[in-house]
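# Model the following, please.
(one chain, ligands or ions: 1)
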Amino acid sequence: MANKQQIYLELSPGVKIPALGLGTWQALDDDGEKAIDCALEAGYRHIDTAYVYQNEKAVGNIIKKWLESGRIKREDLFVVTKLPKHGNRPSGVPKYLQESLDSLGLSYVDLYLIHSPFGFQDKNPSDPNSEEIVDVTTDHIAIWKAMEDQVINGKARAIGLSNFNERQIERVWSTAERIKPSMLQVELHLYFQQKELVEFCNSKNIKVCAYSPLGSPSSSKVLGKEVPDILNNETVTDIAKKYGKTTAQILLRHIIQQGIAAIPKSSNPKRIKENMEIFDFELSSEDINKLNALDQGKDGRLFDFSIFKGATTHPEYPF
Ligand SMILES: NC(=O)c1ccc[n+]([C@@H]2O[C@H](COP(=O)([O-])OP(=O)(O)OC[C@H]3O[C@@H](n4cnc5c(N)ncnc54)[C@H](OP(=O)(O)O)[C@@H]3O)[C@@H](O)[C@H]2O)c1
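Alright, predicted model coming up:
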């Protein structure tokens, strides 16, 4: 019988992340606030945001409401945010983390991630909407030292990477003198299972968090391409019928059961609740194998960041 409770992954001694969290990209303002409120009500305690999602204030408003009402304690929550690509330099780390903390209304985050391995020049404060320009001087080792400082000065409990490739992770990991990266957040779903990268992270004791775990069904406009409909895959539908679950629940359980965290985004109360109800069943190894067989390798990748002009020419472009 499967455990009906949330599963936790240990990032470092005493720092445990709930395996299932709420993604918040494209959840803005009122929509974002309602989603966080509903998620906390449904038992979510891990919230994934980022400086660039422009919703840290909305996330902070609801957290404040819950903390003030005494319904949760700060230590029950796990808040993740990320260093923006235009802050990808040592001086950008304390600057942008502090901005995020101010927006969130928190004194620390539980996990701070470098959002992308490539960097852009810092924004001109008097013209924040000006065109973004690639900064080819991005130095991961120097940035990582500034990330470590944030743990030492109490502004982040854990630090990690996002969208880094194996070579980039290895370099940061092997040169990190004080604190190793404890988490890698990457695109990971049924059609892009990232088996080799996950194995590599396991070998370094780096936990993996799957973004777009449902295949990001509504992002075709942003990505400028057709997004395959994983939620209606025939094999997943058959397996869902067998367990009396939805296809979203099967996709999420498939990820979580492998010791990987997942952060499905939803702004819909029914789906927010549905996505959390994955701890009362277990997929058989036969069904896990059927789902594993649907991996399309690198052809399954949705996010290649070519939407950011110049990113693909950056020396640290990861793909
Ligand atoms: N580090 C990075 O570079 C990076 C990149 C991308 C994403 N992320 C993070 O990962 C999170 C998740 O990724 P994502 O938003 O791209 O994609 P996703 O979670 O795979 O998919 C979200 C979409 O699925 C729909 N959905 C959610 N639950 C559903 C269900 N049970 N049944 C049917 N549809 C459902 C949502 O619509 P409704 O809202 O209408 O329910 C939304 O359109 C993001 O929100 C963000 O926090 C990180």
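# need the residues of the stretch 201-319 of the chain near the ligand, please.
By CB under 6 Å from any ligand atom, the residues of the stretch 201-319 of the chain that approach the ligand are 211-219, 231, 246, 248, 263-268, 271, 274-275, 303. (Glycine included, C-beta is placed from N, CA and C.)
# Ile250: how many residues sit nearby?
Residues contacting Ile250 under the criterion other CB atoms under 10 Å number 26.
# pretty sure it is touching Ala240, no?
Yes. Assessed by CB atoms under 8 Å, Ile250 is found in contact with Ala240 at 4.9 Å.
# where along the stretch 1-150 of the chain do the helices fall?
29-41, 56-69, 92-104, 140-152 (DSSP state H, counting those that start in this stretch).
# actually the stretch 201-319 of the chain, not the one I typed
Going by DSSP H, counting those that start in this stretch, the stretch 201-319 of the chain shows helices at 220-223, 234-243, 247-256, 269-276, 285-292.
# Averaged pLDDT, the last one. What do you get?
Model confidence over helix 285-292, given as mean pLDDT, is 98.
# before we move on, what about the fourth one?
When the per-residue pLDDT values of helix 269-276 are averaged, the result is 98.
# in a strand, that's where Gln185 is, yeah?
Yes. Counting by DSSP: H, G, I helix; E, B strand; the rest coil, Gln185 is found in a strand.
# That one: how many residues sit nearby?
When neighbours are counted by other CB under 10 Å, Gln185 comes out with 25.
# And for Phe281?
Neighbour count of Phe281, defined by other CB under 10 Å: 16.
# From what I see, it and Arg253 are in contact.
Yes. With contact defined as CB under 8 Å, Phe281 reaches Arg253; the gap is 6.9 Å.
# what do those two both touch?
Lys245 (CB atoms under 8 Å, 6 or more residues apart in numbering).
# Out of the helices of the stretch 1-150 of the chain, which gets nearest to the ligand?
helix 29-41 (7.5 Å; CB to the nearest ligand atom).
# Show me what that closest one is packed against.
Counting contacts by 3 or more CB pairs under 8 Å, 6 or more residues apart in numbering; DSSP states H and E, helix 29-41 is packed against strand 22-23, helix 56-69, helix 269-276.
# Kindly recompute the last result at 10 Å.
strand 22-23, strand 46-48, helix 56-69, helix 269-276 (3 or more CB pairs under 10 Å, 6 or more residues apart in numbering; DSSP states H and E).
# What parts of the stretch 1-150 of the chain come near the ligand?
So the stretch 1-150 of the chain meets the ligand at 23-25, 48, 115 (CB under 6 Å from any ligand atom).
# what about 8 Å?
Residues of the stretch 1-150 of the chain lying near the ligand by CB under 8 Å from any ligand atom: 22-27, 35, 48-50, 53, 82, 113, 115-116.
# any idea which of those residues is closest to the ligand?
Of these, the one sitting nearest to the ligand (CB to the nearest ligand atom) turns out to be Gly23, at 2.4 Å.
# And the lowest mean pLDDT element among the helices and strands of the protein?
helix 220-223 (a mean of 91; mean pLDDT, DSSP states H and E).
# which helices and strands does that one pack with?
Going by 3+ CB pairs under 10 Å, 6+ apart, helix 220-223 lies up against no helix or strand.
# what residues does it touch?
With CB atoms under 10 Å, 6 or more residues apart in numbering as the test, helix 220-223 has contacts from 25-26, 216, 226-228, 302-307.
# run the last query once more with 8 Å
Counting by CB under 8 Å, 6+ apart, 26, 216, 226-227, 302-303, 307 sit against helix 220-223.
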